[in-house]
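1. below is the sequence, then the predicted model.
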Amino acid sequence: MKKKLLGILFGTSLVLAACGGNDGGGETSTEADPEKIVSQKCMSCHGENLDGGAGPKISDVGSRLSKDEILTVLEKGKGNMPPGIIEGEQAEAVAEWLANKK
């Protein structure tokens, strides 16, 4: 009985987490927040401080690449990074945010 209840609670929390984050304007708050996007989609490979890990250091990527070059990497991938991890408006926001990392 306890396992069944825990399973139901866990499943419910997953559904709520997946549906959460809506600010009522039709867009999730993640779309407007490049730091959240990077936290969710980049840190697992590039490290918590973006100082590298499985992927290269990107904490100062703006000193090496322009916004457009970063956007190209996000869209097309590079090395072991597959294409399309971040797309559309999110990719634009992240590229601009990373371009300012110098």
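-> Alright, I've got the coordinates.

2. how about the helices in the protein?
-> Under the criterion DSSP state H, the chain carries helices at the ranges 2-19, 29-32, 34-41, 43-46, 67-76, 88-99.

3. among these, which gets the worst mean confidence?
-> Of all these, helix 2-19 carries the lowest average pLDDT, namely a mean of 49.

4. what residues are up against the residue nearest to S59 when sequence neighbours are not counted?
-> With sequence-adjacent residues excluded and distances taken as C-beta to C-beta, 6 or more residues apart in numbering, S59 is closest to L50, at 4.0 Å. Backbone N, C-alpha and C define where each C-beta goes, glycine included. L50 sits next to 38, 42-43, 57-59, 61, 101 when contact means C-beta atoms under 8 Å, 6 or more residues apart in numbering.

5. and which of these is nearest P82?
-> Taking C-beta to C-beta as the measure, P82 lies nearest C42 of these, at 12.7 Å.

6. the closest one: what's it in contact with?
-> Contacts of C42 (C-beta under 8 Å, 6+ apart): 50, 55, 58, 85, 94.

7. go on, L98?
-> 34, 38, 58, 61-62, 67, 70.
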